[in-house]
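Novice: what follows is a predicted structure for the sequence shown.
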Number of protein chains: 2
Amino acid sequence: MKESQMKFKTKKEVPQDESSLGISFLIQANFLEKLTSGVYNYLPLGFRVLKKIEKIVREEMEAIGGEEILMASLHPKKNWEATGRWNSFDALFKVHSRFDQWYALGPTHEEIVTPLAKNFIFSYKDLPLYLFQIQTKFRDEPRPKAGLLRTKEFIMKDLYSFHRTEEDLDAYYELVKEAYNRIFQKCGLLTLIAEASGGTFSPYSHEFQVETKTGEDLIYHCSRCGFCQNQEIAGDIEKCPKCQSPLEKLNCSEVGNIFKLKDKYSSALGLKFIDKDGKEKNVLMGCYGIGISRLVGTIAELNNDKNGMIWPEKAAPFSCHLLGFKTADAKKNAFIKKKTDELYQKMIDAGYEVLYDDREEVSFGEKLVDADLVGLPCRIIVSEKTISQDSFELKERKSGKIELIKIEAWERAFDKTS
Amino acid sequence: MKESQMKFKTKKEVPQDESSLGISFLIQANFLEKLTSGVYNYLPLGFRVLKKIEKIVREEMEAIGGEEILMASLHPKKNWEATGRWNSFDALFKVHSRFDQWYALGPTHEEIVTPLAKNFIFSYKDLPLYLFQIQTKFRDEPRPKAGLLRTKEFIMKDLYSFHRTEEDLDAYYELVKEAYNRIFQKCGLLTLIAEASGGTFSPYSHEFQVETKTGEDLIYHCSRCGFCQNQEIAGDIEKCPKCQSPLEKLNCSEVGNIFKLKDKYSSALGLKFIDKDGKEKNVLMGCYGIGISRLVGTIAELNNDKNGMIWPEKAAPFSCHLLGFKTADAKKNAFIKKKTDELYQKMIDAGYEVLYDDREEVSFGEKLVDADLVGLPCRIIVSEKTISQDSFELKERKSGKIELIKIEAWERAFDKTS
């Protein structure tokens, strides 16, 4: 993508009202903009990051048998009354139609997916079933916080599983844990799996927590025996209740959570099946969430330096940033531009995702500053000096390491870095 | 995809409360379910159709320079007050937060995209700019109608263009017309471009109309000179006002619309640029919508017979339906299954999207009925008879034409049909 075409712009000033440095960079580099407290718009670069993360998540969901669906956001009031959550779910946005009907604006989809599963589940032969969606959710949160970490509108992947037996639910729950570990690893995040209360959902749950300065959760972790609990249920403790070792107390941000719902929703909403013994039983359920937009925020929070973002390879909006070089000599510039254009076309033709700073009105110095701010995994410069050696300059954003790469061997260079 | 894995099910009865036969088939075949009046959930097959149509639309938007973004659904009240539409847009869902704030639930995004464009547009050098999104919209419609044609929640592609001059806006408007024609053609739809009133948007607009029995719009069309107007602006006429020929009066369904907004929103929301002459001017805008879910409904409405759907190639959830054959002889069945599995794997490995009815508990007769209902472009059967000739049977859903294809030449058969 050529920056001249996408009208690429960065802001001179760091926005002042964001408590997260990562989000400040994303706003400064036009990945996103804050529309109002707790509500964001994704601009072209930010949209690409969302799609990259969605792809990571979708692949792992499909790998554990998940089938993708898309459920509505306008939920009939009666579904939420059936589970008692119309009144108990504090952050529920309630929408009134001018035709005298009430809807809940979907903050989660147990009330919808449970009756939906009746289209597929009749007997034990129809179990297990795994349905997921990637979709916008709405929650009327009290204090939207730390950029994308707690917002009123956010993008979430929610997976729901349906089982015949508790053993089957337990086994799938462990499978999801592994898939989640792979997802967060691909996003470059180190996660702890903490025990937590089930909240409105169930008494059984685990949270995937990432240590961040701006995190809302306090997690007690024992590096000796692996004990890991949210302060919510651990209370205030100093020693590991399992092995008596001293505990780490970590500020964390939750990026995923998994719940065994058992028959809480199937009994409230009448999702039953005929078992092998001919008896009608409640379907057992699990639900598993990942905040996609929250992941963007967490990745941004943890991957930057004083100059800007440092994107992990798989979440980066483009894999490399090609900068058009400029000197005072117009004739030399034309020659360099021709060589740079050629390299750009070569990389595009080979399927690489290249952001090409071909802007004429911007100085080379500004291009360097912008490239650090945007933070793609690597930066490429073609200059008079590199051309004289049939090469280009490759800089790894993370390490700062600079190499000269022979143009004829350019593909090998990328196999190496990515 | 194996039907045993996706717990494929169809309903015995045609749902009674849908005025559209196409939508009845989609519900019967589990493409979607009606959650409540004017609100639908997309099940796995329906979700795949949505993605297919999104892909067609996205490619054409990118081909005319569109950059994809994602705007929020919760809109600050003040943006809608600035344009006067907080009170004048009848179908606006207004959402009240428990923290005493009001939001509009986005029915369209002029109020959001216009200030958003200020991140990119400063001078004439930053124009033109084209931004689009594919996103869920909300409108509190009076009488949700004809399945997916008028709903309270729907998926829309909205493109917004930003220009320096009227000439530039006019030229881009024509480019979008051509892109829209290509999109509808790929969806297998014949469209008329009708002049229509601008509604809340502007006095200038065109609608892309498809003739359907359940269509809400009345269109006057002159097959001699091409005159085409919505009854809304034409009034009740009998002869073509241009050439005096008799007119066709057609029931139509609108699948797309395009508007020249000019400076209506840029002046209300302060989107300006510095022109070549150094003067500050309002940016000129156009907006261009396609109802993605409405397209699904229109395609379904127009592509069926008494037995079920007949999907156009590019919108079909899978390109072919492979049916596992069954006879009374268990040993023969095992052999046929082995051969069918092999063909399935061969096609999957080659990248074909195959739906494989491998269900054990369902009779072959039911499989045939289900295949017609689902309506994929072609159906494949491997049986004892076809195996004896190293072949499989290929039936085109649309024409009903049946051919025996040599297994070794299977790829050529698909190059031919698709």
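Specialist: In hand now; what should we look at? Fair warning: this is a prediction, and the values are worked out from it, not measured in the lab.
Novice: just the closest residue of the stretch 101-250 of chain A to chain B, please.
Specialist: residue A:120 (4.5 Å; CB to the nearest CB). Any C-beta I mention is one placed from the backbone N, CA and C, and that applies to glycine too.
Novice: contact partners for that residue?
Specialist: Residues in contact with residue A:120 (CB atoms under 8 Å, 6 or more residues apart in numbering or on different chains) are A:126, A:129, B:7, B:9, B:30.
Novice: what about the fourth one, which helix or strand?
Specialist: What that stands for is residue B:9. Taking DSSP states H and E as the criterion, no element holds residue B:9; it sits outside all helices and strands.
Novice: I'd guessed it sits against residue A:119; true?
Specialist: Yes - using CB atoms under 8 Å, residue B:9 is in contact with residue A:119, at 6.4 Å.
Novice: who touches both of the two?
Specialist: With CB under 8 Å, 6+ apart as the test, residue B:9 and residue A:119 both reach residue B:30.
Novice: tell me the contacts of the residue located most distally from the centre of chain A?
Specialist: Residue farthest from the centre of chain A, counting by CA atoms, centre = their mean, is residue A:331 at 45.8 Å. For residue A:331, the contact set (CB under 8 Å, 6+ apart) is empty.
Novice: kindly list the longest strand within chain A.
Specialist: strand A:248-262 (DSSP state E).
Novice: which residues touch the helix or strand following it?
Specialist: Scanning forward in sequence from strand A:248-262 by DSSP H and E, the next helix or strand is helix A:264-269. Residues outside helix A:264-269 that contact it (CB under 8 Å, 6+ apart): A:79, A:82-84, A:110-111, A:114-115, A:201-202, A:271-272, A:282-285.
Novice: again, 10 Å this time
Specialist: Here helix A:264-269 makes contact (CB atoms under 10 Å, 6 or more residues apart in numbering or on different chains) with A:79, A:81-85, A:110-118, A:121, A:160, A:162, A:198, A:200-203, A:271-273, A:281-285, A:287.
Novice: tell me which parts of the stretch 301-418 of chain A are close to chain B?
Specialist: A:359, A:360, A:361 (CB under 10 Å from any CB of the partner chain).
Novice: re earlier: quick one: buried residues of the longest strand of chain A?
Specialist: Along strand A:248-262, these residues count as buried under the neighbour rule (16 or more other CB atoms under 10 Å in any protein chain shown): A:250, A:252, A:253, A:254, A:255, A:256, A:257, A:258, A:259, A:260, A:261, A:262.
Novice: again, but for stretch A:60-71
Specialist: So stretch A:60-71, judged by 16+ other CB under 10 Å, has buried residues A:60, A:61, A:64, A:65, A:66, A:67, A:68, A:69, A:70, A:71.
Novice: mind listing the helices for chain A?
Specialist: In chain A, helices defined by DSSP state H lie at A:3-6, A:21-28, A:44-63, A:77-82, A:85-88, A:110-116, A:166-186, A:231-234, A:264-269, A:292-302, A:330-349, A:364-374, A:384-388, A:410-417, listed in chain order.
Novice: roughly how far does residue A:376 sit from chain B?
Specialist: With distances taken as CB to the nearest CB, to the nearest Å, residue A:376 is found 17 Å from chain B.
Novice: same question for residue A:336.
Specialist: Applying CB to the nearest CB, the value for residue A:336 to chain B is 22 Å.
Novice: how confident is the prediction for the closest residue in space to that residue that isn't next to it in sequence, by pLDDT?
Specialist: Leaving aside its sequence neighbours, residue A:336 sits nearest to residue A:325 (CB to CB, 6 or more residues apart in numbering or on different chains; 5.2 Å). If you check residue A:325, the pLDDT there is 92.
Novice: again, but for residue A:15
Specialist: 77.
Novice: equivalent analysis for residue A:54, please.
Specialist: Reported pLDDT for residue A:54: 98.
Novice: I'd like the contacts of residue A:120 as a markdown table, with pLDDT appended.
Specialist: Listed next are the contacts of residue A:120 as a markdown table, based on pLDDT from 0 to 100:
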| residue | pLDDT |
| --- | --- |
| A:126 | 96 |
| A:129 | 97 |
| B:7 | 91 |
| B:9 | 92 |
| B:30 | 96 |
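Novice: out of the residues you listed, which is most surrounded?
Specialist: The most crowded member of the contacts of residue A:120 is residue B:7, carrying 23 neighbours; neighbours defined as other CB atoms under 10 Å in any protein chain shown.
Novice: gap between it and residue B:1?
Specialist: When distance is defined by CB to CB, to the nearest Å, residue B:7 is 11 Å away from residue B:1.
Novice: shared neighbours, these two?
Specialist: What both residue B:7 and residue B:1 touch, as defined by CB under 10 Å, 6+ apart, is the set A:67, B:44.
Novice: taking helix A:292-302 as reference, get the angle to the longest strand of chain A.
Specialist: Counting by axes from the mean of the first three to the mean of the last three CA atoms, to 10 degrees, strand A:248-262 lies at 170 degrees to helix A:292-302.
Novice: now strand A:248-262: mean pLDDT?
Specialist: 95.
Novice: quick one: residue A:211 and residue A:302 touch, right?
Specialist: Yes - if you go by CB atoms under 10 Å, residue A:211 and residue A:302 touch, sitting 8.4 Å apart.
Novice: what do those two both touch?
Specialist: Common neighbours of residue A:211 and residue A:302, counting by CB under 10 Å, 6+ apart, are A:189, A:190, A:253.
Novice: tabulate these (JSON lines), appending distance to residue B:149.
Specialist: Output for these, formatted as JSON lines (distance: CB to CB, whole Å):
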{"residue": "A:189", "distance to residue B:149": "44"}
{"residue": "A:190", "distance to residue B:149": "49"}
{"residue": "A:253", "distance to residue B:149": "43"}
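Novice: list just the nearest of the residues you listed to residue A:20.
Specialist: residue A:253 (9.8 Å; CB to CB).
Novice: what about stretch A:129-137 and chain B, touching?
Specialist: Yes - looking at stretch A:129-137 against chain B by CB under 10 Å from any CB, the contacts come from A:129, A:130, A:131, A:133, A:135, A:136.
Novice: so the fifth one sits against residue A:156, correct?
Specialist: Right, residue A:135. Yes - counting by CB under 10 Å, residue A:135 does reach residue A:156; the two are 6.6 Å apart.
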